[in-house]
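Asks: Have a look; sequence and predicted model below, questions after that.
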Amino acid sequence: MKENTRNPLHLKSLNHISLVCRSVEESMNFYQNVLGFLPIRRPCSFDFDGAWLFGHGIGIHLLQSPEPEKLLKKTEINPKDNHISFQCESMEAVEKKLKEMEMEHVRAVVEEGGIQVDQLFFHDPDGFMIEICNCDSLPVVPLLAGEMARSCSRLNLHQPAAPSSSDPSLVNRLPVLSSSPYN
């Protein structure tokens, strides 16, 4: 098998995230009724309490903490904390629903090259953060050789950078990652 340096482990997709929780029932209620996940069958061979849910192309595995009273619960909603993000159809509808459910949330906006992305952040029952966004408006632009992932890009989103002529192999390796007109 030929080594794939861009995908050395030959990964296909995200399968699931696993979350330790105080109460599997409370967390199941949240993920079903707030985020629309469906419970699915979990192997009976597990010797610990938990539940599996599936939705939006990924699974969520809830694991009952053996000592729920020892789990720290984050109360401050910090968009820079660990989180999972979901794309939505309407930010206005999401925010309206969060208000109806009286769920504390924080709104944020990211702007890049004239493109605005709206974000809403809130916690699940155990303090794990959820983001809802309209992130598909931002193009996914691969970095070029030597470009730093952490620095602000010098690329103009309206003018995609050409692959470096010093590395002609990049021409065939850069995929189109977004249907946005900006890539």
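Replies: Yep, that arrived. Since the model is a prediction, treat every value here as computed from it, not as a measurement.
Asks: Give me the contact list for the top strand by length along the chain.
Replies: Assignment by DSSP state E gives strand 115-123 as the longest strand of the chain. For strand 115-123, the external contacting residues (C-beta atoms under 8 Å, 6 or more residues apart in numbering) are 74-75, 77-79, 83, 85, 91, 94-95, 98, 103-111, 129-135, 137-139, 157, 182. C-beta: built from backbone N, CA, C; applies to glycine.
Asks: Just the buried ones out of the residues you listed, please.
Replies: 77, 83, 91, 94-95, 98, 105, 129-135, 138-139, 157, 182 (16 or more other C-beta atoms under 10 Å).
Asks: which residues does the spatially closest residue to His83 that is not a sequence neighbour contact?
Replies: Beyond its immediate neighbours in the sequence, the residue positioned closest to His83 (C-beta to C-beta, 6 or more residues apart in numbering) is Met129, lying 3.7 Å away. Contact analysis of Met129 by C-beta under 8 Å, 6+ apart lists 74, 77-79, 81-84, 121-123.
Asks: let's go with 7 Å and repeat that
Replies: Met129 is in contact with 77, 81-83, 121, 123, counting by C-beta atoms under 7 Å, 6 or more residues apart in numbering.
Asks: Can you say which two of those are spatially most distant?
Replies: Across the contacts of Met129, no pair lies farther apart than Ile77 and Asn82, at 12.4 Å, counting by C-beta to C-beta.
Asks: The contacts of strand 115-123 in helices, which ones?
Replies: Taking DSSP state H, the ones among the contacts of strand 115-123 that sit in helices are 91, 94-95, 98.
Asks: quick one, strands of this protein?
Replies: Assigned by DSSP E, the strands in the chain fall at 16-21, 38-40, 50-55, 58-64, 83-87, 106-112, 115-123, 129-133.
Asks: counting contacts, what elements does the shortest one pack onto?
Replies: Packing contacts for strand 38-40, counted by 3 or more C-beta pairs under 7 Å, 6 or more residues apart in numbering; DSSP states H and E, involve strand 50-55.
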